[in-house]
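> Structure, please.
(chains A, B, C and D)
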Number of protein chains: 2
Amino acid sequence: MDTTLAPLEALRQYFKQDYFPLTGEEEEALTRRFTERKVKRRAFLLQEGEVCRYASFVVAGCFRLYTVDKSGKEHNLLFAVENEWMTDLASFYAEQPSRVYIEALEPATVLQIRHDDLLDLFTHYHKFDRNFRILVERGYIDLQDRLLQSISTPAEERYQNFLTQYPHWARRLPNTQIASYLGITPEFLSKIRKDRVTKPGKA
Amino acid sequence: MDTTLAPLEALRQYFKQDYFPLTGEEEEALTRRFTERKVKRRAFLLQEGEVCRYASFVVAGCFRLYTVDKSGKEHNLLFAVENEWMTDLASFYAEQPSRVYIEALEPATVLQIRHDDLLDLFTHYHKFDRNFRILVERGYIDLQDRLLQSISTPAEERYQNFLTQYPHWARRLPNTQIASYLGITPEFLSKIRKDRVTKPGKA
DNA sequence: CGATGCCCTTAACCTAGCGTAAGAAATACC
DNA sequence: GGTATTTCTTACGCTAGGTTAAGGGCATCG
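Residues are numbered from 1 along each chain as shown, chains lettered A, B, ... in the order given. Next up is the predicted model:
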């Protein structure tokens, strides 16, 4: 087992499965620009005020992206586990200081590409412009859905939807984190979960 | 004054100002694929359940994109006026039934492109892949900001931010629509506005 | 293997923002 | 120009979800 090759292999597989397939040359150009990085549990990939210099592809472990509001409360916006991306796109693309934190919830390994290396990739290989267009489109769609729910759906139903939409996150994350994602307190989530068992005829 | 030419000219200007400049050929390819359409006040560009077949560039007038929740309440997600896009990206890209409505708040004129014509454009001209990647990136950034605010900022401050971030929308839209965008009732917005005048030392 | 955090739960009280109703002002449209 | 719709405002009771406090389970690390 070659541990240095394995992460890049995961990245190759990712593009092979979900996007316009890459030629050998494109694969080479892609993988050459990524750097592996290990992150401890509780460590930050990004902190508020920093510019997000890298787009990170998660190879192992688990992250959350969150804001801290004026009263000090944390709000999770996004999670990422294996084969998902974790980047503050706003900061990354605009090269502006970020308003969010990215923290590892478990010991993690990521593959990172610098902003200029990515632009470079776009300029030289048409297909990356396209694949990353699609990638952002998907992110946009998820985000719109999230906004829609957070605006127009009561907490209990948001929790239900979370369980069915993101079972791989739900299985893995502590309820504290899920509550923050749903925009409620852990106490209130606890109540919802109890009610769900008590009155199962709700479905 | 040639009224058929003017709208396309607006579209050309739009790409000239904000994106990678187009060659004459690209401009031609672009404008050839757009169709002008006039929409009456209160008319729908898209209704829930329909697939959003067109990406629409607003030449004149004003639109809102909104959902209706289970209890029948409407929630505005987005506005668009001249030189902005109004499309349900989720439905448009995935070619799935939409969950939202797009309604003209004023008599309007749009330029529309079909989904397959746009893909066509992507395949033949590298630059559109890129320009629309950037376009979606910007949309993503706005959306994330919106989500961030709706999650972590109290209504009064969201209103303030709305006024400074989107003065061109604020000037033009009835408070009812703005309230719905902010996620509050018109009655509550009314209260906020009164308080703002009464205690101006808040800033 | 003991202890120091986490994480989850329950319960009693509290408040921001909503629902409703209803009058006044402003706009749209014929 | 006049009638019909929206739109804006005020007021008051109400509810979803937050806050605070406190106890118990279970990991994890020395």
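
> I'd assumed A:Ser98 was in contact with A:Gly49.
Yes: if you go by C-beta atoms under 8 Å, A:Gly49 and A:Ser98 touch, sitting 6.9 Å apart. Glycine gets a C-beta too; all of them are placed from N, C-alpha and C.

> of those two, who's got more company?
A:Ser98 (20 against 10; other C-beta atoms under 10 Å in any protein chain shown).

> Leaving out sequence neighbours, find the closest residue to the more buried one.
Take A:Ser98 and drop its neighbours on the chain: the residue closest to it by C-beta to C-beta, 6 or more residues apart in numbering or on different chains is A:Ser91, 3.7 Å away.

> can you check A:Arg41 too?
Nearest one to A:Arg41, counting by C-beta to C-beta, 6+ apart, is A:Pro107 at 5.1 Å.

> Next one: that neighbour from B:Leu105, what distance?
51 Å (C-beta to C-beta, to the nearest Å).

> Give me the more crowded residue out of those two.
Taking other C-beta under 10 Å, A:Pro107 and B:Leu105 do not tie; B:Leu105 has more neighbours (19 against 14).

> any chance you could map the strands in chain A?
A:35-39, A:44-46, A:54-60, A:63-68, A:74-80, A:85-86, A:101-104, A:108-114 (DSSP state E).

> Can you check what pLDDT the model gives the closest residue to A:Pro21 other than its chain neighbours?
Among residues not flanking A:Pro21 along the chain, A:Phe15 sits closest, at 7.6 Å (C-beta to C-beta, 6+ apart). With respect to pLDDT, A:Phe15 scores 92.

> roughly how far apart are A:Phe15 and chain B?
Distance from A:Phe15 to chain B, counting by C-beta to the nearest C-beta, to the nearest Å: 16 Å.

> ditto for A:Arg42
22 Å.

> Alongside DNA strand D, which residues does chain A contribute?
A:Ser71, A:Lys73, A:Pro154, A:Ala155, A:Glu156, A:Gly183, A:Ile184, A:Thr185, A:Glu187, A:Phe188 (C-beta under 7 Å from any atom of the strand).

> State the number of residues packed around the second one.
Using other C-beta under 10 Å, A:Lys73 is surrounded by 13 other residues.

> if I read this right, it contacts B:Thr153, doesn't it?
No: under the criterion of C-beta under 8 Å, A:Lys73 makes no contact with B:Thr153, lying 11.1 Å away.

> how about the longest helix along chain A against chain B, any contact?
What stands out as the longest helix in chain A, according to DSSP state H, is helix A:126-152. Yes: residues of helix A:126-152 are located near chain B by C-beta under 8 Å from any C-beta of the partner chain, namely A:126, A:129-130, A:132-133, A:136-137, A:139-141, A:143-148, A:150-152.
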